[in-house]
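Trainee: Sequence and computational prediction follow.
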Amino acid sequence: MTPDDITAIRERLGLGPVDMGRAMGVSYTTYRDWQAGRRRIPPVAARCAELLLELPAGRVRDHINRTINDTTNGDRS
């Protein structure tokens, strides 16, 4: 997957870079480096981005909100 591919997926999902990182379970810095081409996108991250496209409408936002709540509450399960 190229930086252009991951950017296109993010845009198709209607997410900003911070939320895309959250949806993928990585930091904004990691996602930003992938999108900028500074770091290679690992195959597992590329597959994660592809799977986000398969979620029904609204489910990506639900996933992000759960991720934020789990992090805020200290739940790492």
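Mentor: Arrived safely. Numbering: from 1, shown residues only.

Trainee: Just checking, which helix or strand of this structure averages the lowest pLDDT?
Mentor: Every helix and strand of the chain was ranked by mean pLDDT, DSSP states H and E. The lowest is helix 59-72, at a mean of 76.

Trainee: So which bits of it are buried?
Mentor: Buried positions in helix 59-72, judged by neighbour count with 16 or more other C-beta atoms under 10 Å: Val60, His63, Ile64, Thr67. Where you see a C-beta, it was placed from the backbone N, CA and C, and this is true even at glycine.

Trainee: quick check, distance from that helix to the centre of its chain.
Mentor: With C-alpha atoms, centre = their mean, to the nearest Å as the basis, helix 59-72 stands 11 Å off its chain's centre.

Trainee: Also stretch 30-49?
Mentor: A distance of 9 Å separates the centroid of the chain from that of stretch 30-49, by C-alpha atoms, centre = their mean.
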